[in-house]
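Asker: Whatever this is, show me its structure:
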Amino acid sequence: MNKRKSSIPSILKPTKVRRTEENIQIEDEETTIEGGRCQQEHAFVLSSAGDIGVIESITLKNFMCHHFLGPFQFGPNVNFIVGNNGSGKSAILTALIVGLGGKATTTNRGVSLKGFVKNGESSADIVVKLRNRGTDAYKGDIYGDTISIEQRITSDGCRTCKIKSKTGLVISNKKEELTAILDHFNIQVDNPVSILNQEMSKQFLHSKSEADKYKFFMKATLLEQMKRDYIHIKQTKAVTRDQVERQEESLKDLRQEFLQKKERYESLSSLDEMKTTLEDLKKKMAWCLVREKEWQVEQLKEQIEVEESDGKHEEKLQFCQSKVTLAERRLQEIQHKLEKVKEEEESLAEESRKLKEEIRDKNKAQKVQEVIYFRAENKLKQLEKEQCLLQERIHKIMNSSGSQKNEAEHAQRLKKISSLKTQLEQRELDCTKLNQEIKDKQQALFKGREEYDKLRMEEKNIQVSLEAKLKRKNQLTASKSNRLRRFGDHMPELLESVDKAHAQGRFIKKPVGPIGACISLKDPSLAVAVESCLRGFMKTFCCDNYKDEKVLQELMSPYFPKGSRPQIMVCPFTDRVYNVQGRGVSHPEFPSVLDIIVVANPVITNCLIDMRGIECILIIKDKASARRVMQGGRPPRNCREAFTADGDQVLTNRYYTPDNEIIVKYLGGDPEAEIRLVESEVENCQAQLSRFRHHLDSVKQDIQCMEETLRGVIIASKKNQEALTQIKASITDLENIEESHTDDISSLEEEAQENQLKIESERKNVKEAQNELKKQNKILVDVDRKHHDIRNKMEQLTDETEQLKEEQVKAEADCNKLDQSLKILEKKLRAHHDNIQAMRNELAVKEEEKQEFEAKAKEICPVREYVDRSAKSIDTEITRLRQKINTQESSHGNHEQVIREYAEAHGNYKNKSNQLRDLKKFIDRLDNIMTDRQARYKILRRSLSVRCKLYFNNFLTKLHCCGSMMFDHNNETLSITVKPPGRENDNISDMRSLSGGERSFSTVCFILSLWEITESPFRCLDEFDVYMDMHNRRISLDLLLELSVRQHLRQFIFITPQTTSNLPQSPHIKIHQLEDPERERGQTEEDELL
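Answerer: Modelled structure (predicted):
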């Protein structure tokens, strides 16, 4: 709804009667069509609605408590501004209101503009850039695609505005131009529907007055503005009526003035006196001009003195130079520290390298010594073992006495050997059985794992099928609102990109597609047959040439991966469908595919004729009839194949039936039925998947049991093998005892003594090697510790280097910034001196002019005249006297001129009477128009309130709440009733009984309802999720994003301190994460240091 201003003038002059009547006719015509306009939701043309009025960026400087914010580049659809308290979220919203010409009170953040200037700064700057594209652009040839509005607020509350074009050229600095731009873009800064700040939202949340809610509704829908306009018109009409009554009384004065004028002409005054007075006035005029020039000279002198005594520019320059000196000195100190740290780091690196080499050498020596130690220890153990064996043999030989004892021992050994051999045979038999059991268990485990792998593969296939069906269900659900979603999730966006590229002239001829979206059926029951025939062409696009194909491939790349992009057919576009008479199939009973499809674009039809031959394919519903026609005899002329209603393909010698039932994906007319079918298939898949997982778990448990059993059998086999080896060793020992009796005891004793000497010597070597090894280990530990200390020092130096580099970067940035400031101050100082010089030059010119005027005045009157009047008043008096003298000279004795003046006065009197009569008619007609407009105003108010109720109830159902809105237009009250889930039967209906989150959600629903019935190129919502829990916030976000999808040509700016991690990934959503305020960062650093 566009904002309209009153066009009734405060004073109606008689000379504008005819124009007023034309305005009446125009307003009457507007009144007759106003009711029809009020029924339309969108005041802008859709093709350009998103191209004008959208906020492209905003930049703040010294605004509120922020030194610099921005520039924030806003997206054309959804924008989230996220940050902690104090990060500048609300400052952006406040700056947007002030930047677009809003008052300080509108922001609810202050009562004066000077309160928005940062403490210690002289001014604050705001730059807002608005999009200005398309056919509805505002002065597009002057401003270009972007209108830049720059507002500067000084510390004393003054505001200056510059409106620039895209190139940066200043077009205007008038408030009227800004108002015209906002009216053209339909932007209402003070409308809470366009910009809803925190205070206005809290006021609505905590408001107890139903009248306040009604005022909020009236203000948001601009009904309040219309009401004020109508009241203003009534007041203006009353004033006009009073003026008409006064003008009626002035008619008498007009007649009296005419008679007086006649008498004045009859009684002419003395011309000599008037001429003498004229000469005196000329003298005064001459010296009055001299006095004004002298006054101008004095003023210039005072200004020059003030400018020369103003030393603030020099002071600022000296202060900035001192800052530059300090910054350069600090930068040099940081660089010097950095060089020292680098030198120390290089020396430590060299020392570290030497220590690494020393560690490598010491480690090598330690390893060598360790080998020597272990060799000596092993040799000692071998000698001790040999000594033990020698002692045992000597002991056995010495203890063996008597032949009878030897024979008894011999018999006992033979008996033991026989027993051990029997055990050996039993163990070997057990070993064979265990090996066979292990083989069987391994084979069974292998089969179980094979079965498990097969089941896993089948489960994966079912999972993939389930995901495909879920994706299909989502596509069908999305296709309910947009049929193009059936052809891919990103198909609408691709077509939008194609339209945009075509508008930019990138295509020679606009591509057509997808083919399935361009086809409709004469008989919907044949959809399965047609889809089976054209399944590979449903997503295909048609291009006129290969250049267009290349451009279309580039547009597809962001939306479709390289392997799954829609097919592109290149064929020259024609305006007529091919003539297929003579080469197409013609059957008296059954139609061809070409006969049953309806295609508006001949390019699609020709492409299907070329690529699929649809003129030669029959559609036969019944399978038996299809077999009879195609395979029972000679097939119809020019018929290549046929399809049945179930999707079976029938050739002359083959018949193909699809493995699964074909579901209509693209040409179906009832998405609800398809969704129900897909949901049943999803349930079946989920049940099948559950059964497979249960079976998998049981098979996995069986495999684990078999693995446990196999491990037990393997352990038993190992134990049996160890016992077998032990028995064989015992048999060998017993057989070797028989041969040991012949050994010589004396030789064994000698060998034992020699071996004991070797043992003593080797023990000494082991001890020496062990001491040497400990020494090497200690040296290695010391060197390693030194290297570790140096490495720690190097890491500390690295951290210090990084910190110094950061300080160096900051210091360099400060130096550059100060250099720029210094140049600016020097430039200002030069401009100050140039201004003083220009004023001095102007003073010299003014003094010369004063001397010239003084010389001329002396020529006219040598004696200086005292003048107490202005030159303008004297000049007016001179002109009046001259006219009077000329009039009297020309009218003296001329009766015809007197008669003519009398007739002119009489005519004026008559014209005045006619004008008053016309004004009375205009007022009466205005009464009728206002009566009609009042009636239409009430109809519009009732329509908007009913629509607002419907949208509000619809949004409340998202939270499973029930509620209502009651408008009382007579008493100007609005009552909102909301009942949370589970409290539908409660008598309490006041919003104050709701929780904070529920009240916030109700506010969001109310704002969304107002958005549905009002128009604005952008909408701003500040901290809409205040007091909400995560559930209500999620629903609110879904509602806002759903609305943004429906109104994707509008811009939405949502401000929230909470996280946006759960938002969906979309190219239409842009998130601006603000940095934490400086005080919070400082606190965080102090916490880390503590």
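
Asker: what sits against Arg576?
Answerer: Taking C-beta atoms under 8 Å, 6 or more residues apart in numbering as the criterion, Arg576 is in contact with Pro602. From N, CA and C alone the C-beta is placed, and that goes for glycine too.

Asker: wait, is Met966 part of a helix?
Answerer: No - with DSSP: H, G, I helix; E, B strand; the rest coil as the criterion, Met966 is strand rather than part of a helix.

Asker: Which pLDDT value goes with it?
Answerer: We have a pLDDT of 83 for Met966.

Asker: Compute the number of surrounding residues for it.
Answerer: By the criterion of other C-beta atoms under 10 Å, Met966 has 12 neighbours.

Asker: so what's it closest to, chain neighbours aside?
Answerer: Ser975 (4.5 Å; C-beta to C-beta, 6 or more residues apart in numbering).

Asker: Confirm that the one you found sits in a strand.
Answerer: Yes - applying three-state DSSP, one finds Ser975 inside a strand.

Asker: Pull out the buried residues from stretch 932-946.
Answerer: Within stretch 932-946, the residues that count as buried by 16 or more other C-beta atoms under 10 Å are 933, 937, 940-941, 944-945.

Asker: Stretch 642-661 too?
Answerer: Judged by neighbour count (16+ other C-beta under 10 Å), stretch 642-661 contains these buried residues: 642-650.

Asker: export it as PDB, just CAs?
Answerer: C-alpha atoms of stretch 642-661 as PDB (Å, rounded to 0.1, in the frame of the first residue of the first chain):
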ATOM      1  CA  ALA A 642       4.300 -49.500 -28.600                       C
ATOM      2  CA  PHE A 643       3.800 -48.900 -24.900                       C
ATOM      3  CA  THR A 644       1.000 -50.200 -22.700                       C
ATOM      4  CA  ALA A 645      -0.700 -48.400 -19.800                       C
ATOM      5  CA  ASP A 646       1.500 -50.300 -17.300                       C
ATOM      6  CA  GLY A 647       4.700 -49.100 -19.000                       C
ATOM      7  CA  ASP A 648       5.400 -52.400 -21.000                       C
ATOM      8  CA  GLN A 649       7.500 -51.900 -24.100                       C
ATOM      9  CA  VAL A 650       6.200 -54.000 -27.100                       C
ATOM     10  CA  LEU A 651       8.300 -54.500 -30.200                       C
ATOM     11  CA  THR A 652       7.600 -56.600 -33.200                       C
ATOM     12  CA  ASN A 653       9.700 -59.500 -31.900                       C
ATOM     13  CA  ARG A 654      10.300 -58.700 -28.200                       C
ATOM     14  CA  TYR A 655       8.200 -57.800 -25.200                       C
ATOM     15  CA  TYR A 656       9.800 -56.000 -22.200                       C
ATOM     16  CA  THR A 657       8.200 -55.700 -18.800                       C
ATOM     17  CA  PRO A 658       9.700 -53.400 -16.100                       C
ATOM     18  CA  ASP A 659      11.200 -55.100 -13.100                       C
ATOM     19  CA  ASN A 660       9.300 -52.800 -10.600                       C
ATOM     20  CA  GLU A 661       6.100 -51.000 -10.900                       C
END
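
Asker: contact partners of that stretch?
Answerer: Contacts of stretch 642-661 (C-beta under 8 Å, 6+ apart): 525-526, 528-533, 590, 593, 617-623, 626-627, 629-631, 635, 640-641, 662.

Asker: Which parts of the stretch 551-700 of the chain are strands?
Answerer: In the stretch 551-700 of the chain, the segments counted as strands under DSSP state E, counting those that start in this stretch are 568-570, 597-599, 617-619, 641-643, 649-650, 655-656.

Asker: Lowest average pLDDT across those strands?
Answerer: strand 655-656 (a mean of 81).

Asker: Just give me how far it sits from the chain centre.
Answerer: The chain centroid and the centroid of strand 655-656 are separated by 53 Å, computed with C-alpha atoms, centre = their mean, to the nearest Å.

Asker: partners of it in the sheet?
Answerer: Here strand 655-656 is paired, per DSSP bridges, with strand 649-650 (antiparallel).

Asker: coming back round to it: which members of the buried residues of stretch 932-946 occur in strands, if any?
Answerer: Using DSSP state E to define strands, no part of the buried residues of stretch 932-946 is located there.

Asker: which stretches of the stretch 701-850 of the chain form helices?
Answerer: Remark: helices assigned in the stretch 701-850 of the chain by DSSP state H, counting those that start in this stretch are 745-860.

Asker: Might you report the residue contacts of the closest residue to Cys639 other than its chain neighbours?
Answerer: Of all residues not flanking Cys639 in the chain, Val585 sits nearest, at 4.3 Å (C-beta to C-beta, 6+ apart). By C-beta under 8 Å, 6+ apart, Val585 lies in contact with 592, 615-618, 636-639.

Asker: what about Val585, distance to Gly83?
Answerer: As judged by C-beta to C-beta, to the nearest Å, Val585 and Gly83 stand 69 Å apart.

Asker: Kindly report the same for Glu450.
Answerer: To Gly83, Glu450 is 58 Å away according to C-beta to C-beta.

Asker: picking up where we left off before, I figured the residue nearest to Met966 was touching Lys949, is that so?
Answerer: No - between Ser975 and Lys949 there is no contact under C-beta atoms under 8 Å: 11.6 Å.

Asker: Mutual contacts of those two, please.
Answerer: In terms of C-beta under 8 Å, 6+ apart, Ser975 and Lys949 are both contacted by the residues Met965.

Asker: before we move on, back to that, in PyMOL, select just the buried ones from the contacts of stretch 642-661.
Answerer: To isolate the buried members of the contacts of stretch 642-661 in PyMOL, using 16+ other C-beta under 10 Å:
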select buried, resi 526+528+529+530+531+532+533+590+593+617+618+619+620+626+627+629+630+635+641+662
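
Asker: part of a strand, is Ile81?
Answerer: Yes - if the criterion is three-state DSSP, then Ile81 is within a strand.

Asker: For it, give its distance to Leu338.
Answerer: With C-beta to C-beta as the criterion, Ile81 and Leu338 are 39 Å apart.

Asker: same deal with Gly963?
Answerer: As defined by C-beta to C-beta, Gly963 lies at a distance of 67 Å from Leu338.

Asker: out of the two, which sits in the busier spot?
Answerer: Gly963 (21 against 17).

Asker: so the nearest residue to that one once chain neighbours are set aside is in which element?
Answerer: Once flanking residues are discounted, Gly963 sits nearest to Val978: 3.9 Å by C-beta to C-beta, 6+ apart. Per DSSP states H and E: Val978 is located in strand 973-979.
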